[in-house]
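J.: my questions are about this predicted structure, shown below with the sequence.
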Amino acid sequence: MRKWILVTWLLSLALVSLPRPHLAAGHQVIAASVLERVSKAFQHMRSLRASLSQQKIYGQLGISDPIERGVLYIKRKKNRDIQVRIEIIEPARRVITVRDNKFVLFQPTINQAIEGRLHRGLVTGNPSVGFLTYFFGGFSRLTDDYEVMTLGDEILQGQRTTHLRLTPMRVEKGLYRQIDLWVDHRLWMPTQQKLVEMNQDVTLLRLSDVQVNINLSDSIFTQRLPRHVKRLRG
């Protein structure tokens, strides 16, 4: 069964909580300026809705999963009170919600739901979910683990972006080999990501049609599972 590719755009927002991230020599001024703008954008963000596309590429096998498309919802009530809904629409419907430090992944095609809590370490068998812990309470550890540098400006989807690269300071289970973020200058949020795992697998993510500070009902972030769904612990 293909692994669930969890959207990790959220991990980039973990950067905004720290005033002094580790920055590569020669890139401190530009990267710090970009992160400061991202921080301010996040502070004023109460909610977000965006279309998303994502794809996983298996580096050692030379094959790729089909591109998945769906919708991302985020609602923030307090700094640490974040609710998330990721709904993949095609090619197969999947829904993951995160609320109160708990996640639920529902896969209707196999009538299965995986439920669990976000911990500081990895969620077993699901490294992308584990990486969300940097956002949901593990802010300080992100910049302990990764060095940040800027690779310059690029035009993506008609918008100017700054390309940031995060590389781990040490080899450790649960860390990515490399993370590339493209921060949109209009929104000052990362709208494209490239995550490279230690085994050379790559996850590509792009957000479009981003809307911020819109009204979102709390009910969006609660899943009502079918009565006879198969429940597993994540």
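T.: Yes, it's here. Residues are numbered from 1 along each chain as shown.
J.: identify each buried residue in the helix or strand containing L207, please.
T.: L207 belongs to strand 202-212 when assigned by DSSP states H and E. For strand 202-212, the neighbour count (16 or more other CB atoms under 10 Å) marks V202, T203, L204, L205, R206, L207, V210 as buried. The way it works is simple: take the backbone N, C-alpha and C, and place the C-beta from them, glycine included.
J.: what's the burial count for N111?
T.: 12 (other CB atoms under 10 Å).
J.: tell me how many other residues surround the nearest residue to it once chain neighbours are set aside.
T.: Residue nearest to N111 in three dimensions, not counting chain neighbours: V229, with 5.4 Å by CB to CB, 6 or more residues apart in numbering. By other CB under 10 Å, 15 other residues sit near V229.
J.: what about the helices in the protein?
T.: Using DSSP state H, the helices assigned to the chain run over residues 9-13, 28-43, 127-131, 139-145.
J.: weakest of those helices by average pLDDT?
T.: In terms of mean pLDDT, the lowest-scoring of the helices of the chain is helix 127-131 (a mean of 42).
J.: for the closest residue to R93 other than its chain neighbours, give me its contacts.
T.: Excluding the flanking residues, the one nearest R93 by CB to CB, 6+ apart is P108, at 5.4 Å. Contacts for P108 (CB atoms under 8 Å, 6 or more residues apart in numbering) come out as R93, R94, V95.
J.: if we can go back for a sec, ok now the strand holding L207, how far from the chain's centre?
T.: 9 Å (CA atoms, centre = their mean, to the nearest Å).
J.: partner strands of that strand, with direction?
T.: In the sheet, strand 202-212 lines up against strand 47-58 (antiparallel), strand 189-196 (antiparallel) (DSSP bridges).
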